[in-house]
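Engineer: coords please:
(one chain, ligands or ions: 1)
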Amino acid sequence: MPDYKQSHVTAQDPPLPSVAPSDPSGSIRVVTIYGVAAAAWFGLTEGVFANLTGGISGLTKGLAFVAVSTLILAALLRRTMATETPRDRASSMARLARRLQAISEQASQAIYVKDECGRYLLFNSAAERMLNRTADDVIGRDDHVLFPADEAAELMEIDRKMMAERRIETYDRTLTTRLGVRTFSVTKAPLLDTSNRVVGIIGVSRDITELLMASEALRRSEARYRSMFENMLSGFASYEVIRENGRPVDFRYLFTNPSFEVQTGLKNVTGKLVSEMFPTIKETDAEIYEMGVRVAETGQPEKHEGYFSALNIWFVSSFFMTEDGLLAIIFENITERKTAEQKIEHLAYHDSLTGLPNRLLAQDRMTQAAAHAQRDRTMAALLFLDLDSFKGVNDSLGHSCGDDLIRAVAERLSNCVRDTDTISRHGGDEFLIVLTGPRTSDAISTTAGKILAQIAQPFDIQNQTLLTTASIGIAVYPGDGTDFATLLKKADTAMYHAKEEGRNTYRFFDERMNVGVAELLRMRNGLRNALDHDEFELHFQPQIDLASGRVIGAEALIRWNHPELGRVSPDRFIPVAEESGLIVPIGEWVLREACRRAAAWQKEGLAGVTVAVNLSALQFKRGNLKQTVTDALAEFGLDPTCLELELTESILIKDVEEVLATVFQLKSLGLKLAIDDFGTGYSSLSYLKRFKVDKLKIDKSFVRDLASDPDDAAIIRTIIQMAHSLNLRTIAEGVEDQEMLDRLRLFHCDEIQGYLIARPMPIDDFIAFVRAHSPSASDSASDRGTAIPILVR
Ligand SMILES: Nc1nc2c(ncn2[C@@H]2O[C@@H]3COP(=O)(O)O[C@H]4[C@@H](O)[C@H](n5cnc6c(=O)[nH]c(N)nc65)O[C@@H]4COP(=O)(O)O[C@H]3[C@H]2O)c(=O)[nH]1
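Structural biologist: Numbers count the residues shown, from 1 in each chain. Next up is the predicted model:
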């Protein structure tokens, strides 16, 4: 569809082209007539009419001649012109066209001339090339020969109007040619003849199709880049470089894109100097400023990633010089990414609970400490610390309390070492401490001692006072090893030994310790088969009623006869069984075995002698306790009143409602409930009432120092008084000598158990023991149990 593009119509500013006089015969005729008329004038005025004009002056006659001859000439010329025929005009146009032809051949633009009717009179070579038509095809024909009818008609209409209005027009027009649809820039002017009549039209056209396409492409590309610039997420700014003595000294903001503001938070910066915006940039962000100067000086682009303190942002940027000598910067605010990276890095190397370095970082620090030790000929030590009673805290007071304790321990540890040392959390309640540059083992011992003393101080956690201790194993570089893995293993082994040797202590690694580790592994594996292989047995430790001196019960204590390790103490394997979950089936076995044995001794005449069985927290959680107990009682026909279950405080405190329900079910069977290790937990008295506890068992750690430690004596006395006020009985365990017994009696303790009376013993020995200490046959029948007279004072 042909159309106008950028049409400019110019009113007759430049003079319209005109056609030169075309007929010399007309002029000759005029001149001849003029000559004859002039001669006749003089002949008549000077000859025939001389007498008549004799009185008139020569000047007057001359003037009269000029006037008359001018009129005649004008009339003649007018007549001559008026008689010029269209043919004359056509031939003069044709002559003009021929003259122009030679000139127009050199032109690179299409030049053409049309007559009044639109027929081509001139069609130069450039026009031929432009439309792929020869002049021969076109001359004498109108636009229909070149273009489709509708386009040709429109063009001719334009020409007609132009001629009518005598206007010069410039416009762009798209036309369908033999070479396809092309756009032309056209300038056309009407041609005038000497009588100022329009006789045709002259045009100059240029094919601007490629130019238009190029400029359209440029426009699109510009639009694309502008849109990219406006919408790009990166910030952009360009600066005028302010120079002094040729050296860049400052930069003035010229323009910025919208992201600049988003990324920096800066508004209306255009026209401002960088030194004005950031007065301290040369000091605080010298690296960035210097880079700007360098790029402006060398013209070499540079990339940068760093922190811009003036705006408190991290950014990545490219500095470069633009074509027009401006400094430009494209940048991205990466603060969020950087913070996330730092966080991730922190997480990768730190423990989330305490914020302390984790094992990975500890390893790195240990390697550094070792390098330091090698250089300075000193030592480096790796301390493996494990809290002694953390599980109890977690179990009894919950994980949130446990977490708080871990955090508090971390804080205390940090106060025990120097800045060059590293405290790290290894996991759970385990910490690693890397000591850098100790010169002697004594120095390491001093630090370890300090740490133990700090940990032993009471912790105030969630409004409760918690007491805990720690065990520390120490491995020293280079004596115990040169790599982290070896040192860690040895420090761990030493820590186990510290635990075995009474806790709240530290041990340096000793090669002999490695034997113990192998044992531990064997124990873990062996426990799995112990039940199947019948390796467990129960021993019974008598419990004495102090008032009567009679044996009123026995605590069932498990023994493990390991085929290779020999007799393994429950203190060693019960924690391993708990850790692996094997305590549940083992506990069920103990319960059945205890019921079986107690039922048996009832039948053998030890009527009323109860059996006390230890229960583990895991049995409450995972085992079907009520069913197990019911089944065991029923299977062996044991009177429930002869069964006592010993629970630790921690079992009662955790998941209270759930445990309460189970305890009620158990109690409803008619059995008794005792709280084991009383005094070492963290609970209040309220649960004693709620759980309908029958007996408190005072932990042997209090009993041990009863004679020497007034505090322990006071604690025991208080526990007994409190228990009595709640109608609970008390039993003291670990009674080893008479002095302890005397004091317990003084405090009105109800029952005792301990080596003073008897060590735990196999069933047959126990029955024999009870019989041997029977005061009389008649007493043995008593339901109060068997009396031991020596103890009754
Ligand atoms: N120093 C000293 N110790 C004395 C004295 N009298 C008794 N003992 C010991 O104290 C422990 C008492 O058991 P516990 O506090 O329940 O402590 C028990 C109990 O927590 C656990 N345990 C033993 N048998 C079982 C069991 O069948 N099930 C569960 N869950 N735990 C058990 O193993 C722990 C250790 O048991 P044992 O090695 O048999 O150690 C027993 C016993 O031999 C004394 O006068 N002085």
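Engineer: quick one: the helices in the stretch 251-400 of the chain?
Structural biologist: 258-264, 274-277, 281-284, 286-298, 335-349, 359-376, 390-397, 399-416 (DSSP state H, counting those that start in this stretch).
Engineer: let me fix that, I meant to ask about the stretch 551-700 of the chain.
Structural biologist: Going by DSSP H, counting those that start in this stretch, the stretch 551-700 of the chain shows helices at 570-580, 583-603, 617-622, 625-636, 649-653, 656-668, 686-690, 700-704.
Engineer: export the helices of the stretch 251-400 of the chain to TSV and tack on mean pLDDT and mean neighbour count?
Structural biologist: In short, each C-beta sits where N, CA and C put it, glycine included. Formatted as TSV, the entries for the helices of the stretch 251-400 of the chain read as follows, by pLDDT from 0 to 100; neighbours: other C-beta atoms under 10 Å:
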stretch	mean pLDDT	mean neighbour count
helix 258-264	92	18
helix 274-277	94	16
helix 281-284	92	14
helix 286-298	94	16
helix 335-349	82	12
helix 359-376	91	18
helix 390-397	79	21
helix 399-416	93	18
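Engineer: domain parsing for the protein?
Structural biologist: 3-12+109-212, 24-82, 232-338, 351-509, 528-699+763-784 (automatic domain parsing).
Engineer: avg pLDDT for the second one?
Structural biologist: Rounded to a whole number, the mean pLDDT of domain 24-82 is 65.
Engineer: the first one too?
Structural biologist: The average pLDDT within domain 3-12+109-212 is 88.
Engineer: my guess is I698 contacts L728, does it?
Structural biologist: No. Taking C-beta atoms under 8 Å as the definition, I698 is not a contact partner of L728, at 11.5 Å.
Engineer: which residue lies nearest the spatial centre of the protein?
Structural biologist: A centroid search over the chain (C-alpha atoms, centre = their mean) returns A340, at 4.6 Å, as the residue closest to the centre.
Engineer: how much space separates that one from the ligand?
Structural biologist: A340 is 48 Å from the ligand, where distance means C-beta to the nearest ligand atom, to the nearest Å.
Engineer: and the gap between that residue and D705?
Structural biologist: Note on A340: its distance to D705, by C-beta to C-beta, to the nearest Å, is 55 Å.
Engineer: same question for T422.
Structural biologist: For T422, the distance to D705 equals 37 Å [C-beta to C-beta].
Engineer: over to L146?
Structural biologist: Going from L146 to D705 by C-beta to C-beta gives 124 Å.
Engineer: those two - which one has more neighbours?
Structural biologist: Of the pair L146 and D705, L146 is the one with more neighbours under other C-beta atoms under 10 Å, namely 23 against 13.
Engineer: skipping its backbone neighbours, what lies nearest that one in space?
Structural biologist: Distance criterion C-beta to C-beta, 6 or more residues apart in numbering; nearest residue to L146, sequence neighbours excluded, is L131 at 5.7 Å.
Engineer: show the contacting residues for that neighbour.
Structural biologist: The contact partners of L131, taken as C-beta atoms under 8 Å, 6 or more residues apart in numbering, are 110, 146, 177-179.
Engineer: V663 too?
Structural biologist: By C-beta under 8 Å, 6+ apart, the contact set of V663 is 647, 652, 673, 691-692.
Engineer: turn these into JSON lines, including distance to the ligand and pLDDT.
Structural biologist: Shown next, in JSON lines, are the contacts of V663 (distance: C-beta to the nearest ligand atom, whole Å; pLDDT from 0 to 100):
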{"residue": "L647", "distance to the ligand": "10", "pLDDT": "89"}
{"residue": "L652", "distance to the ligand": "15", "pLDDT": "72"}
{"residue": "L673", "distance to the ligand": "14", "pLDDT": "93"}
{"residue": "F691", "distance to the ligand": "18", "pLDDT": "78"}
{"residue": "K692", "distance to the ligand": "21", "pLDDT": "83"}
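Engineer: which among the residues you listed count as buried?
Structural biologist: By neighbour count, with 16 or more other C-beta atoms under 10 Å, the contacts of V663 hold 647, 652, 673, 691 as buried.
Engineer: for the residues you listed, work out which two are farthest apart.
Structural biologist: Using C-beta to C-beta, those reach their maximum pairwise distance at L652 and L673, which is 9.5 Å.
Engineer: now do the shared contacts for the two.
Structural biologist: Counting by C-beta under 8 Å, 6+ apart, the residues touching both L652 and L673 are 663, 691.
Engineer: and the gap between the closest residue to the ligand within the stretch 251-400 of the chain and F620?
Structural biologist: When you check the stretch 251-400 of the chain against the ligand by C-beta to the nearest ligand atom, the closest residue turns out to be G392, at 11.9 Å. Look at G392 and F620: by C-beta to C-beta, they are 15 Å apart.
Engineer: then L452?
Structural biologist: 33 Å.
Engineer: for A556, same thing?
Structural biologist: According to C-beta to C-beta, A556 stands 18 Å off from F620.
Engineer: more neighbours, the two?
Structural biologist: A556 (26 against 21).
Engineer: show me what the more buried one bridges to in the sheet.
Structural biologist: Counting by DSSP bridges, A556 is bridged to F540, V613.
Engineer: can you list the neighbours in contact with stretch 135-146?
Structural biologist: Among residues not part of stretch 135-146, those counted as contacts by C-beta under 8 Å, 6+ apart are 114, 117-125, 127-128, 131, 133, 151-153, 155-156, 177.
Engineer: which bits of this structure sit near the ligand?
Structural biologist: Counting by C-beta under 6 Å from any ligand atom, the chain comes close to the ligand at 541, 557-558, 569-571, 574, 587, 590, 614, 616, 676-677, 700, 733-736, 754-755, 760.
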